[in-house]
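J.: Next comes the sequence, and after it the predicted model I'd like to discuss.
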Amino acid sequence: MLKLATLQKKLVSVLALSGMIMGIAAASAEAIELRYSDIGPPRGPRALSLIWWGEELAKRTNNEVTVKFYWSQSLVKGKETLKAVGSGLTDSGTILGIYTPAELPLWNLSNAPFGVDDEWVGMRTWYEMRQVNEDLIAETKKKNVKILANYTTGSVDILSKEPITSVADVKGKKFRTSGGWTGLFKNLGASTVKVGFGELYQALDRGTVDGTQNYIQAVKAYKQYEVAGHITQISMGQVLGFGLGINLKTYNKLSDANRKILDEVSFEMMEHFAESYATSVSEAKAAMTAGIDGKKVVFHEVSDRDEWIAASADFVPTWKEKVSKKGIDADAFVAQFEEIKAKYEKELAEKGYPWTRN
């Protein structure tokens, strides 16, 4: 009997130890470091909001989900990010629809010139569209990608070497453009050039382009004010087809609890970014107007904005025609987008931004 009791105690100890080992193994299996590929440097409001996202994710998951950032396309080129995230070459990254218009045709509607004015409204609208529109969900799902949050470039303005104050100043000049703004500038009589945003500094410095569609806070973050001294604030819409993507299989491997945290932190990151964006624009404008290391920027407005808007009128009809050929009800898609946008515009008008409410 004594020997039997001793054997039973040993068996219990072995089982307990096995359970501990299995528990440790399970915890280790759950821990994951997400490789994140970004197109820009670790500065500016979007990059700082991304860093906040990574820190919050680690804190709320007790370091079971952490993020290692690869800035300035050091891991994957911007145009390859969608494919790289889908294949697992990188776990997550910043995906731009204008880099992959054929693969993400529905998302291109968000890049309509003069489409959405306010950054918070734009990001909230496209985030909700991703929750409710099955066609938009399927678009990235078939690429093995899930979009966790939406970004925005903010207002699309113009950076140029010479002042731009009217359509006449654009005609005959070379502009770096992307997305729907390419057609807009062509319709205004300019020639357009494809240049990656990371190569834009050199293109302006060498005179490869006379100007570019641009974003005030980005001009400062990328130090492009050193090679071009004029910004025209014309507010030509925003690049909203621009988001935080994750490999779908990686996302589904997370525990239910950690997926929930990831979703929550990603949503909060958009609010964090939207709040810091306006401040960053005003600070960047003030700094560049005063001069940074002796380089000053002069800000302008246009006198004929209606002509610029008219030059972009063919974007949405052309988009509708293209996606309709893929079996999408383009009119219904646009109607849903406009309905959601109107809801957030109304909320903003009545309540203000979330971070200003009591």
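T.: Arrived safely, thanks for sending.
J.: By mean pLDDT, flag the weakest helix or strand of the protein.
T.: helix 2-30 (a mean of 46; mean pLDDT, DSSP states H and E).
J.: and the next element down the chain from that one?
T.: Once the chain leaves helix 2-30, the next helix or strand it forms, by DSSP states H and E, is strand 32-37.
J.: Using neighbour counts, pick out the buried residues of that next one.
T.: With burial defined by 16 or more other Cβ atoms under 10 Å, the residues of strand 32-37 counted as buried are 34-37. For every residue, glycine as well, the C-beta is placed using N, CA and C.
J.: Out of these, which is nearest to D256?
T.: D256 has its nearest neighbour among those in L34, at 17.5 Å by Cβ to Cβ.
J.: List the buried residues in stretch 222-230.
T.: 222, 224-230.
J.: If the residue nearest to Y70 when sequence neighbours are not counted is in a bridge, with which residues?
T.: Computed as Cβ to Cβ, 6 or more residues apart in numbering, the closest residue to Y70 that is not its neighbour in sequence is S37, at 5.0 Å. Beta bridges link S37 to Y70, G93 when assigned by DSSP bridges.
J.: pLDDT value on S37, please?
T.: pLDDT, the model's per-residue confidence, is 98 for S37.
J.: Show me which pair in the buried residues of strand 32-37 is furthest apart.
T.: Pairwise distances across these peak at 10.3 Å for L34 and S37 (criterion: Cβ to Cβ).
J.: how about the strands of the stretch 101-250 of the chain, start to end?
T.: Here the stretch 101-250 of the chain has its strands, by DSSP state E, counting those that start in this stretch, at 145-150, 157-160, 174-176, 191-193, 211-214, 230-232, 242-247.
J.: so what strands line up beside the fourth one?
T.: Each strand that strand 191-193 pairs with, and the sense of that pairing, follows from DSSP bridges: strand 174-176 (parallel).
J.: tell me the phi and psi of I292?
T.: Dihedral pair for I292: phi -120, psi 120, per degrees, to the nearest 10.
J.: Y225 is in contact with that one, correct?
T.: Yes: assessed by Cβ atoms under 8 Å, I292 is found in contact with Y225 at 6.4 Å.
J.: so S280 touches Y215, yeah?
T.: No: S280 is not in contact with Y215 according to Cβ under 8 Å; the separation is 10.2 Å.
J.: The two: who's more crowded?
T.: Y215 (24 against 20; other Cβ atoms under 10 Å).
J.: thinking the more buried one is in contact with T152, fair?
T.: No: look at Y215 against T152 with Cβ under 8 Å: they stay out of range, at 9.1 Å.
J.: Any chance of JSON lines for the strands of the stretch 101-250 of the chain, columns mean pLDDT and distance to W319?
T.: Shown next, in JSON lines, are these (pLDDT from 0 to 100; distance: least, Cβ to Cβ, whole Å):
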{"stretch": "strand 145-150", "mean pLDDT": "97", "distance to W319": "18"}
{"stretch": "strand 157-160", "mean pLDDT": "98", "distance to W319": "23"}
{"stretch": "strand 174-176", "mean pLDDT": "98", "distance to W319": "21"}
{"stretch": "strand 191-193", "mean pLDDT": "96", "distance to W319": "18"}
{"stretch": "strand 211-214", "mean pLDDT": "98", "distance to W319": "18"}
{"stretch": "strand 230-232", "mean pLDDT": "98", "distance to W319": "26"}
{"stretch": "strand 242-247", "mean pLDDT": "96", "distance to W319": "17"}
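J.: To V67, which of these lies closest?
T.: It's strand 242-247; of the strands of the stretch 101-250 of the chain, that one is closest to V67 (Cβ to Cβ) at 10.5 Å.
J.: strands paired with that closest one, and their directions?
T.: With DSSP bridges as the test, strand 242-247 pairs up with strand 92-96 (antiparallel), strand 145-150 (antiparallel).
J.: which one of those strands is the most hemmed in?
T.: strand 92-96 (a mean of 26; mean count of other Cβ atoms under 10 Å).
J.: quick one: low-confidence parts of the protein?
T.: The chain contains residues with pLDDT under 70 at 1-29.
J.: Specify the helix with the largest residue count in it.
T.: Ordering each helix of the chain by length in residues (DSSP state H) puts helix 256-290 first.
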